[in-house]
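when you get a sec, could you give me coordinates for this:
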Amino acid sequence: MQRTDAVPQPATLPGLNRETIVNGMVVAALLALPLWAFSVGEDYYVNLASLITIFAIAGVGLNFAIGQGGMVSFGHAAFFGIGGYTTGVAAFHSFEETLFIAAPLAVSGTNQMLLIWVVAMALCGIAALAIGAISLRTEGVYFIMITLAFAQMIYYFAISWPAYGGEDGLSIYLRNQLPVMNADHPFTFFSVCFVLLLGVIFISAHLSGSRFGAALGAARMNETRLATSGINPFPVKLTGFVISAMITGLAGALFAELNGFVGPSMLSWHRSGEIMVFVILGGVGRLYGPVVGAALFVLLETYIGEWTEHWQLLLGFALLGVVLFARGGVVGLIAGKPRHD
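Alright, predicted model coming up:
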């Protein structure tokens with residue numbers, strides 16, 4: 001017999017929950033800052049929003065590897081730096097009107113962003129395919145250390161590459177171009193970064209909800225069970241690792257454009273740690289977690305860093321608080337809804 005004295009529940013829109021509302025507020029806040037700054041002519045804050053957006057893209061890439069695939073990589077700076085160096089080297093040869101590879105291939109530089117992004121992501125995909133093919137044969141702390149080792153190898157290669165600045169890095173004298181729009185304008189460049197961020201978040205969400213995402217999630221939880229169902233976990237995880245690297249490489253290409261410079265610091269283990277911080281602060285596995293994490297990191301560095309050079313101490317306390325009291329990160333703390341594995 002059906003009960004008639006149950007307390008009625010408030011009606012909610014399908015798919016609308018606290019985390020969805022939080023995600024919408026995050027996007028609105030990220031867009032509001034540069035809109036306000038543009039209206040008052042403060043290009044500094046527009047560029048600050050661009051930096052947050054670029055770091056968020058890098059975080060989305062790593063978050064896909066960790067949150068969906070359980071692959072805790074400490075070497076994603078390698079892909080971030082490869083993306084940056086692709087931009088720098090292409091712009092250098094375009095500015096100097098020289099060839100990157102001489103005849104018979106005759107590969108020249110270019111100042112077209114769209115082409116640079118495609119090449120950067122392709123190179124990161126190839127590098128991730130090679131690194132992942134070796135690293136994914138290990139697990140746990142061994143996987144973390146071997147990805148770090150590969151990133152350090154690429155870092156030292158960049159330092160010993162005198163043709164492109166070596167330890168001093170390489171300046172990009174002119175910002176590369178986009179069809180139809182003026183990428184030199186700070187708000188235009190932010191708009192491009194913002195659209196790309198929404199694009200990679202959409203791709204990440206779509207892949208996570210697909211059959212491939214289900215297989216990748218199953219590999220994270222129990223590889224043996226996935227294998228017994230007839231699916232080989234290794235190619236699934238390798239594909240996820242490659243996708244993650246390509247997204248992070250796109251962020252590196254945009255970072256080089258924003259700064260007008262690329263150097264070995266983009267490849268250092270410190271950069272890998274920073275990208276990891278974005279993910280942990282915002283919430284591992286949370287779709288918009290890297291956006292919140294990147295924003296907190298940049299704002300702490302910018303404003304607390306003006307008062308003291310020890311701003312990272314405060315960042316450490318924030319990380320400690322997240323790890324101990326908010327395992328779902330800041331987004332999870334606000335949304336109050338655990339992530340379902």
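
C-alpha from now on. contacts and neighbour counts both.
Noted.

for the stretch 101-250 of the chain, which segments count as strands?
107-108, 170-171 (DSSP state E, counting those that start in this stretch).

the last one - contacts with which helices or strands?
Contact analysis of strand 170-171 by 3 or more C-alpha pairs under 8 Å, 6 or more residues apart in numbering; DSSP states H and E lists helix 77-96, strand 261-262 as its packing neighbours.

sheet partners, orientation included, of that strand?
The partner list of strand 170-171 in its sheet, established with DSSP bridges, is strand 261-262 (antiparallel).

what's the next secondary structure element after the strand it pairs with?
Sequence-wise, the next helix or strand beyond strand 261-262 is helix 269-282, with elements assigned using DSSP states H and E.

past that next one, which element shows up next along the chain?
Past helix 269-282, further along toward the C-terminus, the next helix or strand under DSSP H and E is helix 289-299.

which residues are in contact with the next helix or strand after that next one?
From helix 289-299 onward toward the C-terminus, using DSSP H and E, the following helix or strand is helix 305-307. With C-alpha atoms under 8 Å, 6 or more residues apart in numbering as the test, helix 305-307 has contacts from W311.

name the helices or strands packed onto the very next helix or strand once past helix 305-307?
Counting by DSSP H and E, the element after helix 305-307 in chain order, helix or strand, is helix 311-325. The elements that helix 311-325 packs onto, with contact taken as 3+ C-alpha pairs under 8 Å, 6+ apart, are helix 269-282, helix 329-335.

how about these in TSV, adding mean neighbour count?
Output for the helices and strands packed on helix 311-325, formatted as TSV (neighbours: other C-alpha atoms under 10 Å):
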stretch	mean neighbour count
helix 269-282	24
helix 329-335	21
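
rank those helices by pLDDT, which is bottom?
The weakest mean pLDDT among those belongs to helix 329-335, with a mean of 84.

what pLDDT does the model give the residue nearest to F92 when sequence neighbours are not counted?
Nearest-residue entry for F92: I172, 6.6 Å, with adjacent residues in sequence omitted and distances by C-alpha to C-alpha, 6 or more residues apart in numbering. In the prediction, the pLDDT value recorded for I172 is 87.

ok, now L320?
Model confidence at L320, expressed as pLDDT, equals 86.

and G336, by the same measure?
You'll see G336 listed with a pLDDT of 71.

and it, what does it touch?
Taking C-alpha under 8 Å, 6+ apart as the contact definition, G336 lies against R18, E19.

ok, back up a step: using TSV, lay out the helices and strands packed on strand 170-171 together with distance to V195, mean pLDDT and mean neighbour count.
Rendered in TSV, the data for the helices and strands packed on strand 170-171 read as follows (distance: least, C-alpha to C-alpha, whole Å; pLDDT from 0 to 100; neighbours: other C-alpha atoms under 10 Å):
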stretch	distance to V195	mean pLDDT	mean neighbour count
helix 77-96	18	91	26
strand 261-262	23	92	23
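
out of the helices and strands packed on helix 311-325, which is closest to A183?
Comparing these by their distance to A183 (C-alpha to C-alpha), the top pick is helix 269-282, with 25.5 Å.

re the thing from before, columns distance to F190 on top of the helices and strands packed on helix 311-325, output as JSON lines?
Shown next, in JSON lines, are the helices and strands packed on helix 311-325 (distance: least, C-alpha to C-alpha, whole Å):
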{"stretch": "helix 269-282", "distance to F190": "19"}
{"stretch": "helix 329-335", "distance to F190": "23"}
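
where along the protein do the helices fall?
In the chain, the segments counted as helices under DSSP state H are 18-39, 43-63, 77-96, 113-135, 141-159, 186-208, 211-221, 223-228, 233-259, 269-282, 289-299, 305-307, 311-325, 329-335.

by mean pLDDT, show me the worst of those helices.
Of all these, the minimum mean pLDDT falls on helix 305-307 (a mean of 77).

distance between that helix and the chain's centre?
Centre-to-centre, helix 305-307 and its host chain are 26 Å apart (C-alpha atoms, centre = their mean, to the nearest Å).

ditto for stretch 316-324
21 Å.

cool, and stretch 309-329?
A distance of 20 Å separates the centroid of the chain from that of stretch 309-329, by C-alpha atoms, centre = their mean.

now stretch 230-247
On C-alpha atoms, centre = their mean, the centre of stretch 230-247 falls 17 Å from the chain's centre.

again with stretch 244-256
What separates the centre of stretch 244-256 from the centre of its chain is 7 Å, taken as C-alpha atoms, centre = their mean.

check contacts around the residue positioned nearest the centre of the chain.
By C-alpha atoms, centre = their mean, the chain has its centre lying nearest to A58, at 1.1 Å. Each residue near A58 by C-alpha under 8 Å, 6+ apart is listed here: F80, I247, T248, G249, L250, A251, G252, I275.

change it to 10 Å
Contacts for A58 (C-alpha atoms under 10 Å, 6 or more residues apart in numbering) come out as 76-77, 79-80, 197, 200, 244-252, 255, 272, 274-276, 278-279, 290-291, 294.
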